[in-house]
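K.L.:
fold the following.
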Amino acid sequence: MTRSQKTILTFLSVIACALLALVGFLGYQAYITLWQAPLGPAIAMPTSTWSLPATWTAAPPDFTPSPGPTITLAPTGTPVEATYCSGPPVMTLLAVGTDARSNSYNYGLADVIRIVRVDFVKAKVTILEFPRDLWVEIPDIADDIDGQDHEKLNQAYLYGNPGFGYYDGPGEGPGLLARTLALNFGARTDSYVAVNMRTFEKIVDAVGGITVDLPNGMDGRTAEDRSARLVFPPGRQTLNGEQALTLARIRNDGVFERASHQNTVMCALQDKLTSPSVVVRIPALINSFKGAVQTDLTPEQLAQLACIGTKLKGEDITFVSFPQKLFEGTRVFDPVFDGRVFIWDVDFDVLRDYVNRFNSGAWPAPAFENGNPTDEESISSCP
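P.N.:
Numbering: from 1, shown residues only. Down below sits the predicted model:
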């Protein structure tokens with residue numbers, strides 16, 4: 001081989017290595033982009049709300065979240081608290097259960113409204129319930145419904161989705177609901193997950209059902225519906241998707257009691273999702289989620305949440321509700337329905353105070369968790 005041929009071969013080898021490095025770099029960047037890309041339209045808070053500013057920054061990309069505490073660095077390079085699963089110190093989610101039975105998310109009211117505060121430092125989750133019948137100001141819709149800017153809280157989700165065409169802002173229905181919660185109560189929300197009834201049933205069925213313990217049983221029959229499907233016997237029992245949904249929606253004793261039923265179902269589902277037996281059902285579970293859930297979470301965040309879920313014990317998941325004594329049922333005239341509708345009359349300033357303490361992790365206080373409530377709020381944990 002001549003000297004010139006060796007020179008050309010060396011030059012071509014350098015070019016090939018450079019091209020391989022470039023392809024590898026571009027592939028890595030593309031993977032990172034997909035890893036950190038929201039799975040749906042992201043939310044954005046109103047410019048003026050009662051919300052406290054976010055205090056965390058996301059950890060650097062980590063394809064496999066670590067199982068134990070890791071150290072993240074703030075933008076200044078100052079060490080911050082160690083977190084599990086390469087997560088941020090705190091992630092706050094808006095969780096919505098809709099009353100729609102279709103496969104799409106064009107319509108449907110928010111049947112279940114919860115703010116979920118995930119603490120990656122202490123490995124704990126706190127879940128705050130918002131009653132759906134609060135009469136609230138809904139931003140960004142007055143021009144579309146003849147100046148009407150107040151409706152029930154659950155209608156913010158309906159008006160934000162594409163069906164009526166009232167809202168073209170960020171995050172569709174969950175986005176408008178998040179903005180409404182921020183505007184009226186200062187609720188801080190980073191991301192959202194919304195699930196309709198059909199998808200919820202599919203998820204429960206995909207993991208082989210859930211097991212609940214009902215010491216006194218449950219009779220959800222009404223004068224209008226005497227179906228046997230509304231009767232749940234005392235004791236431990238495994239429920240399929242349809243049965244789990246039925247139990248979660250029983251409200252013979254009022255909406256606050258129904259929230260308790262929903263907590264029972266959510267605890268049972270969490271227990272099943274984090275059990276070793278669910279591993280063989282992962283493909284079916286993925287199918288149940290595919291294209292059937294509204295969320296702006298990224299694959300990276302989903303991995304972090306799945307990882308932290310394996311660290312949680314029952315006592316690490318706390319459900320909290322506002323004190324029932326704050327609420328008084330009344331009726332107001334609703335121009336949209338041209339009639340008087342039921343709402344909860346409550347001092348929003350008091351609720352804002354609770355929400356601000358919830359945002360900061362100060363409520364419920366650790367000394368009053370696990371069944372020792374103060375001020376008559378409802379506080380419970382998973383078994």
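
K.L.:
confirm H261 sits in a helix?
P.N.:
Yes: assigned with DSSP: H, G, I helix; E, B strand; the rest coil, H261 falls within a helix.

K.L.:
make sure it is actually in contact with D253.
P.N.:
No: in this structure, H261 is not within contact of D253 by CB atoms under 8 Å, at 9.5 Å. For the C-beta atoms, the positions are set from N, CA and C on the backbone; glycine is no exception.

K.L.:
compare those two (neighbour count), which wins?
P.N.:
H261 (21 against 11; other CB atoms under 10 Å).

K.L.:
next up, the contacts around the more buried one.
P.N.:
Neighbour list for H261: 218, 247-251 [criterion: CB atoms under 8 Å, 6 or more residues apart in numbering].

K.L.:
one more pass at 10 Å, please.
P.N.:
212, 214, 218, 220, 232, 246-251, 253 (CB atoms under 10 Å, 6 or more residues apart in numbering).

K.L.:
let's see which of these end up in helices.
P.N.:
Among the contacts of H261, the ones falling in helices (DSSP state H) are 246-249.

K.L.:
which among the residues you listed gets closest to E81?
P.N.:
Proximity of those to E81 (CB to CB) peaks at A248, which lies at 35.1 Å.

K.L.:
mutual contacts of H261 and D253, please.
P.N.:
Joint contacts of H261 and D253 (CB under 10 Å, 6+ apart) are G220.

K.L.:
quick one: low-confidence parts of this structure?
P.N.:
The chain contains residues with pLDDT under 70 at 1-35, 45-80, 279-290, 366-377.

K.L.:
show me where the chain has helices.
P.N.:
Ranges of helices in the chain, per DSSP H, are 3-35, 153-160, 172-185, 197-206, 241-249, 255-273, 282-289, 299-309, 348-360.

K.L.:
quick one: the fourth one to helix 241-249, angle?
P.N.:
Looking back up the chat, that one is helix 197-206. Helix 197-206 and helix 241-249 are oriented at 120 degrees to each other (axes from the mean of the first three to the mean of the last three CA atoms, to 10 degrees).

K.L.:
elements contacting helix 197-206?
P.N.:
strand 90-98, strand 191-195, helix 241-249, helix 255-273, helix 282-289, strand 293-295 (3 or more CB pairs under 10 Å, 6 or more residues apart in numbering; DSSP states H and E).

K.L.:
in the third one, which residues are buried?
P.N.:
For helix 241-249, the buried set under the neighbour-count rule, 16 or more other CB atoms under 10 Å, comprises 241, 243-249.

K.L.:
now these in a markdown table, with distance to I138?
P.N.:
Listed next are these as a markdown table, based on distance: CB to CB, whole Å:
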| residue | distance to I138 |
| --- | --- |
| G241 | 32 |
| Q243 | 34 |
| A244 | 31 |
| L245 | 27 |
| T246 | 30 |
| L247 | 31 |
| A248 | 26 |
| R249 | 24 |
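
K.L.:
W363: which of these is nearest?
P.N.:
Distances from W363 to the buried residues of helix 241-249, taken by CB to CB, are shortest for A248, at 25.0 Å.

K.L.:
next up, the contacts around the closest one.
P.N.:
Neighbours of A248 in contact, by CB under 10 Å, 6+ apart: 97, 111-112, 197, 200, 239, 258-259, 261-266, 269.

K.L.:
could I get the contacting residues of the spatially most central residue of the chain?
P.N.:
When CA atoms, centre = their mean is applied to the chain, the residue found nearest the centroid is A95 (2.8 Å). Contacts for A95 were tallied using CB under 10 Å, 6+ apart; they are 112-116, 127, 174, 189, 192-195, 266, 295.
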